[in-house]
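Colleague: My questions concern the predicted model and sequence given below.
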Amino acid sequence: MYEAFGWQPPAFAHVGLLQDRNGQKLSKRNLDLDLSTFRRDLGIFPEALVNYVALLGWSHNASKDVMSLNQLIENVRTLRLSVIGILADGDVV
């Protein structure tokens, strides 16, 4: 489709499967949370959730894991993706 419109295609990347603590794939059917629940009921700020989700499945050269959105964008240039399943542990957020 990009070629048909004469557009430059973006670089695509794919991270490994997100898994829960039991090694089962995460599914929307297993979670009873919506985005508002994280802030309202769990006290997790949107910026913290974005930071946590953005760092799932890849490593970077930065010396810290708490980054602003701009820092995340800058560090994605040093992208090293994980090829194994990724543990999405809500306690880490």
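Modeller: Structure's in. What do you need?

Colleague: downstream neighbour of the helix or strand bottoming out on mean pLDDT in the chain in the secondary structure list?
Modeller: Using mean pLDDT, DSSP states H and E, the weakest-scoring helix or strand in the chain turns out to be strand 80-81, at a mean of 70. Helices and strands here follow DSSP states H and E; after strand 80-81, the next one along the chain is strand 86-87.

Colleague: residue boundaries of the strands in the chain?
Modeller: 18-19, 58-59, 80-81, 86-87 (DSSP state E).

Colleague: Can you check which of the ones you listed gets nearest to Tyr2?
Modeller: strand 80-81 (22.1 Å; CB to CB). C-beta here means a position set from N, CA and C on the backbone, and glycine is covered the same way.

Colleague: Kindly tell me how buried the spatially closest residue to Val15 that is not a sequence neighbour is, as a neighbour count.
Modeller: On the basis of CB to CB, 6 or more residues apart in numbering, the spatially nearest residue to Val15 that is not a chain neighbour turns out to be Gly57, at 3.1 Å. Gly57 is flanked by 22 other residues according to other CB atoms under 10 Å.

Colleague: Would you mind listing the outside residues contacting the lengthiest helix in the chain?
Modeller: Ranked by number of residues, the top helix in the chain under DSSP state H is helix 46-54. Identification of contacts with helix 46-54 by CB atoms under 8 Å, 6 or more residues apart in numbering yields 35, 38-39, 65-69, 72, 92-93.

Colleague: let's see it at 10 Å
Modeller: Helix 46-54 has contacts (CB atoms under 10 Å, 6 or more residues apart in numbering) with 18, 35, 38-39, 42, 44-45, 65-69, 71-73, 75-76, 88-90, 92-93.
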